[in-house]
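1. please find the sequence and the predicted model below.
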Amino acid sequence: MSAAQTTTADQPPAKQKTSPGAGTGSAGTSGTPSRKGPGAAPWLLLAPCLLIIVLIMGYPLFRLVSLSFQNFGKSELWGFKEAEFVGFDNFSKVLGDGEFWAVVARTVVFAAGAVILTMVIGMLIALLLQKVSGFVKILISVALVASWGMPIIVATAVFKWLFDADYGVLNYLMSKLPGVDMIGHNWFASGPEGLAVIMLLVIWGAVPFVVITLSAGLTQVPKELEEAARLDGAGAWGVFRHVTLPILKPIIVMLTTLSVIWDMGVFPQVFVMRNGNPEAEFQLLTTYSYQQAFVVNDYSGGSAIALVTVLLLLGVVAVYMRQMLKIGEVE
Amino acid sequence: MTSTTAPVAPLKQKTKSKLGWNVLGLLVFATLGFPVYWMLNTAFKPAKDAIDPNPRFFPTNFTLDNFKRALEISDFWGPVGRSLIVSLVVVVIGIAVGMLAALAISRFAFRGRKIVIVGILAVQMIPLVAMIIPVFLLLNDLGQYDKLTGLIITYLTFILPFTVWTLRGFIVNIPKELEESAQVDGCTPTGAFIRVVFPLLAPGMVATSVYGFIQAWNEYLYALMLMSQQNQTATVWLGNFTTKHGTEFAPMMAGSTMMAIPIVILFLIVQRKMAAGLTAGAVKG
């Protein structure tokens, strides 16, 4: 909001196009820049992209919805039987299952925890980066990029090794603390503890992107505004709260939404950490849907779960959409 | 940063207060970097040292045996080759198609533009896992299951929206006036784009390609579901270290290193550009 005004100040406002061009269609072909009346040009440019997206995204999406209203198991997959429509049966089965709701609750807690911690830690590190000397900044940046670039699968393997019960370095280090004996402690014996480790892995992988993006945003905060706030007697927290935070708001909203989407979609981390077969206590919506489909061979049940997950996300996405639309409008 | 003209006393105070921040910064560095360090440390020490209950924190006996073992466990170059083909093809198609679309939404005002933007963004929001069942069935029906082409097609679903969105960010950063003045000087709109915008966009395109490549290279779920054991890609290859008899951690760390190092280096090269492209929209908003 206020960020929009301050940061676009040096850029000429690009408003002119919104009113006349689109409506009159064929106008403005001669001499004047093409954006006055673009005609078919943008659609021609968009065509290949839209075609690919509709074909490879649209159909599966349609199929996801139709599957969740069908009865589709192994025999239908092999073509022995025609899939029949069963109305809301899959949904009533899924929604009436106590285990499903336990999985939903677990997923929401997991994602919320991961998102909040990622954002808070990310913000703290971004602010810290402004305070440290050059060489420390470089060191942290290198560590950030190294963990950001790490393939998720590789990171998962590394964390599995760090948290290994017998030879994991973490148990060893913790046992060095007075009064702590963690040797042989199995982090994955209980769901909550194991998921906490997985959450740590997710956060470790997600923080770099947040830090780097927020740092880029922090450079856009006008120094004069901060100084003015300080002169008016604001402390460090006050400046952050009333100057920095409002300016960073668009970025924070974007990062939070993306994090929600990513953290609700955590799959390989759980799947690989539990050797491809997560126990009931470890199931999140993603792995649960996968298990219903490919382990139980109930493809329609799995689809129903996936669809519910998508609907859950929609609420969050709506917020993000509004943000993006605002951006789209200004340009 | 400390300004050079500052009087002596506050400067001293500043360095003093910086010490505390620096110590904290080093702690952050150590924590963030430790998993990476531990991977490298394990990869290069003898396997028997890796399973020592008193782990060594510095590699004293440097060895490459783990790498040899990692390459023995199962074919490495096959999966890497397949990942390479898939990632490259996906990026080439993604950039070519995505570039045109990005141009359309960032340089033209037209009816339906908003809907297109929302559509492309919405596609990005759909979790991959939700799509895996219908995609699996679709490829099964099309006879594209267990084929590289099938994998390429499915990867486009997440590479393409990403490419459009980031390239848009880069294009927006190039002032329209440059194009307009080229047109005033007699260029056609296409000519103006090729001569003026394209060269300025090149670094952004490189960054987007590299980043897209990395995303495709790192993908796990589709690679796992849509390819059989014989046709597995690099990410799935890493699963071969875990068997019923347990995990061979030292070679696994060596394998992880082999998979991660090229990617991390690519990342180091383009990350600055990427942050700029990704945030262009958000900050400029």
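-> Happy to help now that I have it.
2. so where's the chain uncertain?
-> I'll assume chain A. A:1-38, A:323-331 (pLDDT under 70).
3. switch to chain B, that's the one I care about
-> Applying pLDDT under 70 to chain B picks out residues B:1-16, B:275-285.
4. what about B:Pro53, how many neighbours?
-> Look at B:Pro53: counted by other Cβ atoms under 10 Å in any protein chain shown, it has 11 neighbours. C-beta: built from backbone N, CA, C; applies to glycine.
5. for it, which non-adjacent residue is spatially closest?
-> In space, and not counting its chain neighbours, B:Pro53 is closest to A:Tyr167: 6.5 Å by Cβ to Cβ, 6 or more residues apart in numbering or on different chains.
6. and that neighbour, that's in a helix?
-> No - under DSSP: H, G, I helix; E, B strand; the rest coil, A:Tyr167 sits outside any helix and is assigned coil.
7. pull the residues that contact the helix or strand harbouring B:Val116.
-> Using DSSP states H and E, B:Val116 sits within helix B:113-125. Outside helix B:113-125, the residues that touch it by Cβ atoms under 8 Å, 6 or more residues apart in numbering or on different chains are A:22, A:42, A:46, A:49-50, A:53, A:57, A:261, A:313, A:317, A:320-321, A:324-325, A:328-329, B:101, B:104-105, B:157-158, B:161-162, B:164-165.
8. 7 Å instead?
-> The contact list for helix B:113-125, computed with Cβ atoms under 7 Å, 6 or more residues apart in numbering or on different chains, reads A:46, A:53, A:57, A:261, A:313, A:317, A:321, A:324-325, A:328, B:105, B:161-162, B:164-165.
9. do stretch B:207-227 and chain A meet at all?
-> Yes - Stretch B:207-227 lies within reach of chain A by Cβ under 7 Å from any Cβ of the partner chain, at B:214, B:218, B:220-221.
10. out of those, which comes closest to B:Val80?
-> Checking the residues of stretch B:207-227 next to chain A against B:Val80 with Cβ to Cβ, the nearest one is B:Asn218 at 13.1 Å.
11. nearest the geometric middle of chain B, what residue?
-> With the centre of chain B defined as its mean C-alpha position, the nearest residue by Cα atoms, centre = their mean is B:Ile214, 3.5 Å away.
12. do you know how far the residue nearest to it when sequence neighbours are not counted is from A:Gly122?
-> Leaving aside its sequence neighbours, B:Ile214 sits nearest to B:Ile263 (Cβ to Cβ, 6+ apart; 5.5 Å). B:Ile263 sits 21 Å away from A:Gly122, going by Cβ to Cβ, to the nearest Å.
13. show me what contacts the residue nearest to B:Ile214?
-> Shown in contact with B:Ile263 (Cβ under 7 Å, 6+ apart): A:149, A:151, B:214, B:217.
14. list the buried ones in the helix or strand hosting the third one?
-> Think B:Ile214. Assigned by DSSP H and E, B:Ile214 falls within helix B:198-218. Neighbour counts over helix B:198-218 (16 or more other Cβ atoms under 10 Å in any protein chain shown) mark B:201, B:204-205, B:207-218 as buried.
15. CA atoms only for that helix - export them in PDB, please.
-> Output of helix B:198-218 as PDB, limited to C-alpha atoms (Å, rounded to 0.1, in the frame of the first residue of the first chain):
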ATOM      1  CA  PHE B 198      16.000  -8.500 -25.400                       C
ATOM      2  CA  PRO B 199      19.600  -7.700 -24.600                       C
ATOM      3  CA  LEU B 200      18.500  -6.200 -21.300                       C
ATOM      4  CA  LEU B 201      16.400  -9.200 -20.500                       C
ATOM      5  CA  ALA B 202      19.100 -11.700 -21.300                       C
ATOM      6  CA  PRO B 203      20.500 -11.900 -17.700                       C
ATOM      7  CA  GLY B 204      17.000 -12.300 -16.300                       C
ATOM      8  CA  MET B 205      16.400 -15.100 -18.800                       C
ATOM      9  CA  VAL B 206      19.600 -16.800 -17.800                       C
ATOM     10  CA  ALA B 207      18.700 -16.600 -14.200                       C
ATOM     11  CA  THR B 208      15.100 -17.900 -14.800                       C
ATOM     12  CA  SER B 209      16.500 -20.800 -16.900                       C
ATOM     13  CA  VAL B 210      18.900 -21.800 -14.300                       C
ATOM     14  CA  TYR B 211      16.300 -21.600 -11.600                       C
ATOM     15  CA  GLY B 212      13.800 -23.500 -13.600                       C
ATOM     16  CA  PHE B 213      16.500 -26.100 -14.400                       C
ATOM     17  CA  ILE B 214      17.200 -26.500 -10.700                       C
ATOM     18  CA  GLN B 215      13.500 -27.000  -9.900                       C
ATOM     19  CA  ALA B 216      13.100 -29.600 -12.600                       C
ATOM     20  CA  TRP B 217      16.300 -31.300 -11.500                       C
ATOM     21  CA  ASN B 218      15.100 -31.400  -7.800                       C
END
